[in-house]
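Student: here are the coordinates; sequence isn't available:
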Ligand SMILES: C[S@@+](CC[C@H](N)C(=O)[O-])C[C@H]1O[C@@H](n2cnc3c(N)ncnc32)[C@H](O)[C@@H]1O
């Protein structure tokens, strides 16, 4: 757990501080709608998941912060689950889409988290990870600020995220736009 409960403190204001910007790339990369369940891992207040709730029969928001999840509970159509992404309480192949937005750099164990996201993804399903791109100066600056405020952030460049995925790199696409990177991987059927 982090030294300070940053997300617990931010939870009531989180969506005012960080309003959702352009979510078009997400829709494109997730290839929505789908007819199976979608997981938003590290999904916090459900800020992103709520925009996707009509595009899948079940939208699960998994997060370790109960204060962030308390905001998700208030949104209709989401299923909040309190858990760490390193140990997801779902059977193998549960979700046809798995999403992680702006959270991978916050988890304790990135390798284990990626292995778990992959495990719960159904064969033929898509994993989409959005991360601030640490190769850009603005994100390097954010990384310094997060260190100063004692967040345990650890940003990885997109190529390193791809290397950590338990799949051949040919099955993974990386898209960059501004200071964000999207890693899109399809699990073989
Ligand atoms: C920057 S917020 C992003 C929230 C959401 N994805 C969004 O874009 O609005 C990062 C989230 O990751 C969660 N988180 C950090 N480490 C985690 C872990 N190991 N397991 C589950 N959630 C975690 C935090 O509690 C927080 O809600």
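Tutor: Arrived safely. If you're wondering where the values come from, they're calculated on a predicted model, not measured in any experiment.
Student: and the residue of the protein closest to the ligand?
Tutor: Nearest residue of the chain to the ligand (C-beta to the nearest ligand atom) works out as residue 44 at 3.0 Å. Placement of C-beta: from N, CA and C, glycine included.
Student: how about the residues of this protein near the ligand?
Tutor: 7, 42-44, 47-48, 63-65, 68, 84-86, 101-103, 106-108 (C-beta under 6 Å from any ligand atom).
Student: where along the protein do the helices fall?
Tutor: 6-10, 14-17, 24-30, 49-52, 66-73, 110-120, 137-148, 158-164 (DSSP state H).
Student: report the buried residues of the longest one.
Tutor: Residues of helix 137-148 classed as buried under the neighbour-count rule (16 or more other C-beta atoms under 10 Å) are 139, 142-143, 146.
Student: just the fourth one next, same as before
Tutor: Neighbour counts over helix 49-52 (16+ other C-beta under 10 Å) mark 49-50, 52 as buried.
Student: closest to residue 22 among these?
Tutor: Among these, residue 52 lies closest to residue 22 (C-beta to C-beta), at 14.4 Å.
Student: for that closest one, give me its contacts.
Tutor: Counting by C-beta atoms under 8 Å, 6 or more residues apart in numbering, residue 52 makes contact with 26, 30, 32, 38, 40, 59, 99.
Student: roughly how far apart are the second one and residue 186?
Tutor: With the distance defined as C-beta to C-beta, to the nearest Å, residue 30 ends up 11 Å from residue 186.
Student: need the residues touching each of these two.
Tutor: The contact lists of residue 30 and residue 186 share residue 126, where a contact means C-beta under 8 Å, 6+ apart.
Student: so, low pLDDT: which residues of this protein?
Tutor: Flagging of the chain using pLDDT under 70 yields the residue ranges 1-3.
Student: mind naming the longest strand for it?
Tutor: strand 121-132 (DSSP state E).
Student: I figured residue 38 hits residue 95, correct?
Tutor: Yes. Counting by C-beta atoms under 8 Å, residue 38 does reach residue 95; the two are 6.2 Å apart.
Student: what touches both of these two?
Tutor: residue 60.
Student: residue 72 touches residue 48, doesn't it?
Tutor: No. With contact defined as C-beta under 8 Å, residue 72 does not reach residue 48; the gap is 10.4 Å.
Student: angle of the longest strand of the chain against helix 110-120?
Tutor: Counting by axes from the mean of the first three to the mean of the last three C-alpha atoms, to 10 degrees, strand 121-132 lies at 140 degrees to helix 110-120.
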